[in-house]
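**Student:** Please work out how this folds:
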Amino acid sequence: MSERKLIVIGGDAAGMTAASKIRREQPEREIIVFERGHHTSYAACGIPYYIAGQVKSEEDLIARKPEVFREKQNIDVRIRHEVIEIDAAKKQVKVKDIEKDEVYSETWDDLLIATGASAVKPDLPGINAKGVFALSSLQSGIDVFNYMKKNNPEKALIVGGGYIGIEMAEALLDRDMDVTLIDMAPQVMTTMDKDMAELILEFMKKEGIKVFPEEKLSGFEKDAEGKIKSVVTDKQNHPADLVILGMGVKPNSELAAAAGVKLGAGNAICVKKDLATSVPHIWAAGDCAESYHLLKKQQVFVPLGTVANKHGQVAGINISGGKAEFPGVLGTAITKFRKLEISRTGLSEREAKELGLDYKSNTIEATTLSSYYPGTGKMSVKLVIEKGTGRILGGQIVGTSGSAKRIDTIATAITGNMTVQNLVDMDLSYAPPFSPVWDPVQIAARTLL
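**Tutor:** Residues are numbered from 1 along each chain as shown. All right, here's what the predicted structure looks like:
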């Protein structure tokens, strides 16, 4: 195995996790990583906080630079190199050196595709106006930061009320900007049920964000210098001198598809449990690849940093001759908007209904700490369970500081195939500065018994 040359396409979470694992297992193996961007192993999830000014420098978001991989791990990382073609039959890739504008070929014995995902950027009039940004890479975050520094925008508009949209609304509000958010959906955070999303919407409005649900983006108007002037929707025009597109992401799977690699859920690369693709000796990991959903019992596209890192670890073990399987996902996610924390896991009520499951749900309001302890705040917990068996299917939490990470208790219970009674019986910790004597998650469980 150590004689086999490995090429990795993509130098972020999944690609570099896999390459590092393989290097530890096989110190002499030849490993080449091609990354079309400027950076490797960066924390994309930290971009909104960098733009907000909470992270002092983009350097703080980089876990490991290309030269560190080259010098300390003997991994040949080549940034600004884009793989433009995969020839599975010849086992070679065609690579473009972006800086030199040269194309050359490189052979491989094993290939890992870790090309990630790209922000959705619809082909609409004026989409390329100066001041319109779609966030996906660290460089895109740096571009936003530099544009704000140079142009001092005052009115920001965000398209999309998902995780990126909400985090960027907070970031730009913290920058003292007038912030508007539009979404074609009837609610923000479509991964949550409507009753929980309403709590988020109310808080955002209270903090000064102008939110317009059920409003579809139509295009953009520019000024004489080509800068963004306003955002056009199916209902009105919104003045704006900075626009952030938070309309979701799509897997970068075109390169794989052109090489004959099978695609799956959401056009992500179809993978087996060991992260092998449909073509021998080609693997895929991270945001470009699909994952198995433990409750839906089907493949899904879940582009999350936690998943990408785990994908990379599993792929690295298998490519270096070991045996590992990626167990699956629940779609566990967490974010915040100022003092409001938001988290979810498993199935929402809507998803349970779509799957035809016989379920029931309930939402409770509780306090984060003992009610008499200073600093306690409100939190709402929603649980979805299967009727008859009492099996836990999902959970959602919205509340003040100390609320959201409790979602991990629910995720653990779902992974362990626990029932609502098991959750009530769990021996969870208690002290007034941390929780009421009955944890809110257990209170929610009790109401469903």
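**Student:** Just give the nearest non-adjacent residue to Ala43, would you?
**Tutor:** Using CB to CB, 6 or more residues apart in numbering and skipping the chain neighbours, the partner closest in space to Ala43 is Leu61 (4.6 Å). C-beta: built from backbone N, CA, C; applies to glycine.
**Student:** Is it correct that that neighbour is in contact with Gly46?
**Tutor:** Yes - using CB atoms under 8 Å, Leu61 makes contact with Gly46 at a distance of 4.8 Å.
**Student:** residues bridging contact with those two, i.e. touching both?
**Tutor:** Val55 (CB atoms under 8 Å, 6 or more residues apart in numbering).
**Student:** which residue ranges form the helices in the stretch 151-300 of the chain?
**Tutor:** 163-174, 194-206, 254-258 (DSSP state H, counting those that start in this stretch).
**Student:** Ok, which of these comes nearest Asn151?
**Tutor:** In terms of CB to CB, the element of those nearest to Asn151 is helix 163-174, at 13.4 Å.
**Student:** Let's test this: mean pLDDT of that closest one, rounded?
**Tutor:** Across helix 163-174, the average pLDDT comes to 96.
**Student:** ok, and what's touching it?
**Tutor:** The contact list for helix 163-174 (CB under 8 Å, 6+ apart) reads 48-49, 51-54, 135, 156, 158-159, 179, 181, 183, 188-189, 200, 204, 207-209, 242, 244, 246, 333, 335-338, 342.
**Student:** Output that helix in CSV with nothing but the alpha carbons.
**Tutor:** Output in CSV follows, covering the C-alpha atoms of helix 163-174 (Å, rounded to 0.1, in the frame of the first residue of the first chain):
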residue,chain,number,x,y,z
TYR,A,163,-27.4,29.3,9.0
ILE,A,164,-25.2,31.6,6.9
GLY,A,165,-27.9,34.2,6.6
ILE,A,166,-28.6,34.4,10.3
GLU,A,167,-24.9,34.4,11.3
MET,A,168,-24.1,37.1,8.7
ALA,A,169,-27.2,39.2,9.9
GLU,A,170,-25.6,39.2,13.3
ALA,A,171,-22.1,40.0,11.9
LEU,A,172,-23.3,43.0,9.9
LEU,A,173,-25.6,44.2,12.7
ASP,A,174,-22.5,44.2,14.9
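**Student:** just the angle between it and helix 194-206, please?
**Tutor:** Interaxial angle of helix 163-174 relative to helix 194-206 (axes from the mean of the first three to the mean of the last three CA atoms, to 10 degrees): 20 degrees.
**Student:** Can you give me the buried ones in helix 163-174?
**Tutor:** Tyr163, Ile164, Gly165, Ile166, Glu167, Met168, Ala169, Glu170, Ala171, Leu172, Leu173, Asp174 (16 or more other CB atoms under 10 Å).
**Student:** In a markdown table, list those residues along with distance to Gly11.
**Tutor:** A markdown table is the format used below for the buried residues of helix 163-174 (distance: CB to CB, whole Å):
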| residue | distance to Gly11 |
| --- | --- |
| Tyr163 | 23 |
| Ile164 | 22 |
| Gly165 | 27 |
| Ile166 | 28 |
| Glu167 | 24 |
| Met168 | 25 |
| Ala169 | 30 |
| Glu170 | 29 |
| Ala171 | 26 |
| Leu172 | 29 |
| Leu173 | 33 |
| Asp174 | 30 |
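**Student:** Domains in this structure, by residue range?
**Tutor:** The record's domain split for the chain, according to automatic domain parsing, is 6-118+250-319, 121-247, 333-448.
**Student:** rewinding a little: will you turn the helices of the stretch 151-300 of the chain into CSV that also has distance to Gly116?
**Tutor:** Formatted as CSV, these follow (distance: least, CB to CB, whole Å):
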stretch, distance to Gly116
helix 163-174, 15
helix 194-206, 27
helix 254-258, 11
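**Student:** These: which one's closest to Asp87?
**Tutor:** Closest approach to Asp87 among the helices of the stretch 151-300 of the chain (CB to CB): helix 254-258, 10.0 Å.
**Student:** and that closest one, what does it pack onto?
**Tutor:** The elements that helix 254-258 packs onto, with contact taken as 3 or more CB pairs under 8 Å, 6 or more residues apart in numbering; DSSP states H and E, are strand 81-87.
**Student:** What are the phi and psi values at the residue nearest the centre of the chain?
**Tutor:** Geometric centre of the chain, nearest residue: Leu304, 3.4 Å, by CA atoms, centre = their mean. Main-chain torsions, Leu304, degrees, to the nearest 10: phi -130, psi 150.
**Student:** The one 5 residues further on too?
**Tutor:** Here is the backbone geometry of Asn309 (degrees, to the nearest 10): phi -70, psi -40.
**Student:** Can you read off the pLDDT for it?
**Tutor:** Model confidence at Asn309 (pLDDT) stands at 96.
**Student:** quick one: the strands in the stretch 151-300 of the chain?
**Tutor:** 155-159, 178-183, 210-213, 217-222, 228-233, 237-239, 242-245, 249-251, 282-284, 291-293, 298-300 (DSSP state E, counting those that start in this stretch).
**Student:** and the fifth one, how far out from the chain's middle?
**Tutor:** It refers to strand 228-233. Relative to the centre of its chain, strand 228-233 is centred 27 Å away, using CA atoms, centre = their mean, to the nearest Å.
**Student:** Please save the CA atoms from it in CSV.
**Tutor:** Only the C-alpha atoms of strand 228-233 are listed here, as CSV (Å, rounded to 0.1, in the frame of the first residue of the first chain):
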residue,chain,number,x,y,z
ILE,A,228,-24.8,47.3,-6.1
LYS,A,229,-27.6,49.9,-5.7
SER,A,230,-30.6,47.8,-4.9
VAL,A,231,-32.0,44.3,-4.7
VAL,A,232,-35.1,43.5,-6.8
THR,A,233,-37.7,41.0,-5.5
